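Novice: Here is my input, please return the structure:
(one chain, ligands or ions: 2)
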Amino acid sequence: MNDSIKSVVLSEEQIQERCKTLGKQITEDYNGKTPICIGILKGSIMFMADLIKCIDTHVELDFMDVSSYHGGTESTGEVKILKDLSTSVENRDVIIIEDILETGTTLNSIVDLLKYRNVNSIEIVTLLDKPMKRKVDIEAKYVGEKIPDEFVVGYGLDFAERYRNLPYIGTLKPEIYQ
Ligand SMILES: O=P(O)(O)OC[C@H]1O[C@H](OP(=O)(O)OP(=O)(O)O)[C@H](O)[C@@H]1O
Ligand SMILES: Nc1nc2[nH]cnc2c(=O)[nH]1
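Specialist: Ligands and ions are numbered 1, 2, ... in the order given. The predicted structure is shown next:
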């Protein structure tokens, strides 16, 4: 699997540093509150697991699966809800946990949906942000790393469902996806 990687974007150590920094900020901002952390499947699983260990206030967890990519490396712009939340978010403080924010299509749909359910507050934490690719006006309050416009895999992020289990984030050699 490592043979397919062209370059490392964030090493395991760098990812853990980002988790600690973001976890500290979230701990300070939500001191005394019990936010619901909503992980967006499947890409956010590793980041969510590591990040919540760095948050030192009570949190509850839930998951949503919303897909806008269908096996390739470009967004189709379509958003489909594959799995909805199990709990009510009414009057709750919600933190959406994402692996990557790119066009913003996915998060924009999720934020709209959750606002409609009368949340008390809603913020986004994303490990990676590709601001150059943004198509809709949405920003994350907590960002681990801004990255250039290159397709990345690993640490939950896939190419055609593979590479999610790489412990670091990297770019693929062109021959893998061309
Ligand atoms: O800002 P956007 O352009 O909308 O892209 C970001 C979304 O794309 C990826 O999810 P994907 O739909 O590939 O599902 P996955 O997490 O199951 O791989 C990623 O996990 C984000 O949810
Ligand atoms: N795997 C992967 N999924 C994405 N979804 C949006 N951008 C990306 C990316 O760079 N890599």
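Novice: Wait, Ile5 touches Leu166, no?
Specialist: Yes - counting by Cβ atoms under 8 Å, Leu166 is a contact partner of Ile5 at 7.5 Å. Bear in mind the C-beta positions are built from the backbone N, C-alpha and C, glycine included.
Novice: Now the common contact residues for the two.
Specialist: Residues touching both Ile5 and Leu166 by Cβ atoms under 8 Å, 6 or more residues apart in numbering: Val153, Gly154.
Novice: in the protein, which spans are helices?
Specialist: Ranges of helices within the chain are 12-29, 45-52, 105-116, 174-177, based on DSSP state H.
Novice: Tell me which of these sits most buried.
Specialist: Comparing the helices of the chain by mean neighbour count (mean count of other Cβ atoms under 10 Å), helix 45-52 ranks first with a mean of 21.
Novice: ok, that helix near ligand 2 or not?
Specialist: No - using Cβ under 6 Å from any ligand atom, helix 45-52 stays clear of ligand 2, with a minimum separation of 12.5 Å.
Novice: which residues touch Ile81?
Specialist: Counting by Cβ under 8 Å, 6+ apart, Ile81 has contacts Met64, Asp65, Val66, Leu113.
Novice: Buried among those? Need that as a selection in PyMOL.
Specialist: Typed into PyMOL, the next command selects the buried ones out of those (criterion: 16 or more other Cβ atoms under 10 Å):
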select buried, resi 64+66+113
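Novice: Which of the contacts of Ile81 fall in strands?
Specialist: Met64, Asp65, Val66 (DSSP state E).
Novice: Is the residue nearest the centre of the chain bridged to anything, and to what?
Specialist: Among the residues of the chain, the one closest to the centroid is Glu98, at 1.3 Å (Cα atoms, centre = their mean). Residues in a beta bridge with Glu98, per DSSP bridges, are Thr126.
Novice: do you know how far it is from ligand 1?
Specialist: Per Cβ to the nearest ligand atom, to the nearest Å, Glu98 is found 6 Å from ligand 1.
Novice: Touching, that residue and Asp129? I think so.
Specialist: No - counting by Cβ under 8 Å, Glu98 does not reach Asp129; the two are 9.3 Å apart.
Novice: picking that back up, just put the helices of the chain in CSV and tack on mean pLDDT and distance to Val125.
Specialist: Formatted as CSV, the helices of the chain follow (pLDDT from 0 to 100; distance: least, Cβ to Cβ, whole Å):
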stretch, mean pLDDT, distance to Val125
helix 12-29, 98, 6
helix 45-52, 98, 7
helix 105-116, 93, 11
helix 174-177, 88, 28
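Novice: out of these, which comes closest to Val59?
Specialist: Nearest of those to Val59, taken as Cβ to Cβ: helix 45-52 at 6.0 Å.
Novice: For that closest one, what is the distance to the chain centroid?
Specialist: 9 Å (Cα atoms, centre = their mean, to the nearest Å).
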